[in-house]
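>>> Generate a structure from the sequence data that follows.
(4 chains)
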Protein chains: 2
Amino acid sequence: MKKQEQIEDAVVDIILSEGAFAVSTVKVAKKVGISQSNVYLYFKNRDDMLMSVYQRQIKRIQSRVDFKQLGDVSIPIETRVKMYVRSVYDFSKENPQGLTVIQQIKFLMGQVDFGPAIDFVKLNEVVPKLIKEAARQRLIKPMPASVLMAMVFAVISTNINNVKKGEYSKDQYSFEDLFALVWEGIKL
Amino acid sequence: MKKQEQIEDAVVDIILSEGAFAVSTVKVAKKVGISQSNVYLYFKNRDDMLMSVYQRQIKRIQSRVDFKQLGDVSIPIETRVKMYVRSVYDFSKENPQGLTVIQQIKFLMGQVDFGPAIDFVKLNEVVPKLIKEAARQRLIKPMPASVLMAMVFAVISTNINNVKKGEYSKDQYSFEDLFALVWEGIKL
DNA sequence: GTTGAAAAAGATAAGTCTATCTGTTATAGT
DNA sequence: ACTATAACAGATAGACTTATCTTTTTCAAC
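Reported below is the predicted structural model:
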């Protein structure tokens, strides 16, 4: 495995065990087994390292999204919203710590400002468009896409966290169950 | 104003401007205008200081909740769920940065473990009871209370953040609008 | 095998932070 | 006025960090 990836994995490890604020070049280097100064061969600085990890996770979510279909007006809107929720859900199942990592880094960098549009990039364009279209057609309530996205994120990540904590099995609540919570909330 | 409160206010300031991880005794002392060592006259250590701020916010939310009514079986369940959501909503309106502060500190301490039941204390007992009762009566879908609470939190804090960012006025979405998003999602 | 570049380690300056300890000033009670 | 205590400031040890600069090692090309 490439050293840069090893470093990124080490960052994820530390985020999950100690939190994003605890990530330091010293700890990362120790975990990978390289000297601290060499971290700077692969990343400009600490923030750059964190951002790289963040964007890797975002890419993984977005790789599950079929943006073409999401913008395809011939597909019913409910189906498209469902597709979006499903991709977040699938990501959370395959990568249970992924949403935590995203949240952690976002929180760490959030205040500081890490550029306007670095966030969910494409999703932050496509989903609002979808929501607006649906609202115009009076299929869903008028609402900001950010609220919908936050709901989806909250439901899915709380569920996966409960599973991780062993509060119930991962099959206790199906995707349909979780989707219903969101969809019936927003539909008109 | 009591010095301890001044310190807690300074902590909130720093959390809002730089994030919880950036809170240090040095910065806090500078903000209040006391010497750094004196912070330790009011708090056992840094974590104690953060926890104190956290619990102050929680108390402020809980002071809005009528726990007696919330557990009163003679009141319809929808009304009681609504009461709960309303108290979080009212808190967010009166104290727009309150939810951010809670989230920030939770994130910071979250990984480390700051005791099992320190969280929303009473709310973390009463709301799950309410949800279970409602589910048993087949009024709402069976679901963990944590998911409901996360939804409520997500909707309300995203809305207030959008308002703070100036994306729309605080009256754009009424309490009823936001409540509908949650209630219609969970009801059977 | 020599050379030159890339990859790594080492050393270090400069900064921040926590927590404690030691003094000093203010203040209340007597 | 005196004293005990609370409130405060100052100093400092010890840990950690970041980012840079210097030196060593590795290794491929010639």
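
>>> A:D177 touches B:K141, doesn't it?
Yes - counting by C-beta atoms under 8 Å, A:D177 touches B:K141, with 7.2 Å between them. Every residue, glycine included, has its C-beta placed from N, CA and C.

>>> number of nearby residues for the residue of chain A found nearest chain B?
Proximity of chain A to chain B (C-beta to the nearest C-beta) peaks at A:G185, 2.8 Å away. When counting by other C-beta atoms under 10 Å in any protein chain shown, one arrives at 23 neighbours for A:G185.

>>> Just give the closest residue to it, not the sequence neighbours.
B:G185 (2.8 Å; C-beta to C-beta, 6 or more residues apart in numbering or on different chains).

>>> what helix or strand is that neighbour on?
helix B:175-186 (DSSP states H and E).

>>> Could you do A:K93 as well?
Going by DSSP H and E, A:K93 is in helix A:77-94.

>>> Residues in contact with that helix: which ones?
With contact meaning C-beta atoms under 8 Å, 6 or more residues apart in numbering or on different chains, helix A:77-94 is reached by A:60-61, A:64-66, A:69-70, A:72, A:98-99, A:123, A:127, A:130, A:133-134, A:137, A:139-140, A:152-153, A:156-157, A:159-160, A:170, A:175, A:178-179, A:182-183, A:186-187.

>>> Which of those residues fall in helices?
Residues of those located in helices (DSSP state H): A:60-61, A:69-70, A:98-99, A:123, A:127, A:130, A:133-134, A:152-153, A:156-157, A:159-160, A:175, A:178-179, A:182-183, A:186.

>>> which intervals of chain A have sub-threshold pLDDT?
Filtered on pLDDT under 70, chain A yields the residue ranges A:110-121.

>>> That one against DNA strand D: which residues are in contact?
A:A22, A:V23, A:S24, A:T25, A:V26, A:K27, A:Q36, A:S37, A:Y40, A:N45, A:R46, A:D47 (C-beta under 7 Å from any atom of the strand).

>>> let's see 10 Å
A:14, A:18, A:21-30, A:35-41, A:43-50 (C-beta under 10 Å from any atom of the strand).

>>> Now chain A against DNA strand C: closest residue?
Scanning chain A for proximity to DNA strand C using C-beta to the nearest atom of the strand identifies A:S37 as nearest, at 2.9 Å.

>>> Just give me the neighbour total for that residue.
9.

>>> B:V65 versus A:R80, what's the distance?
38 Å (C-beta to C-beta, to the nearest Å).
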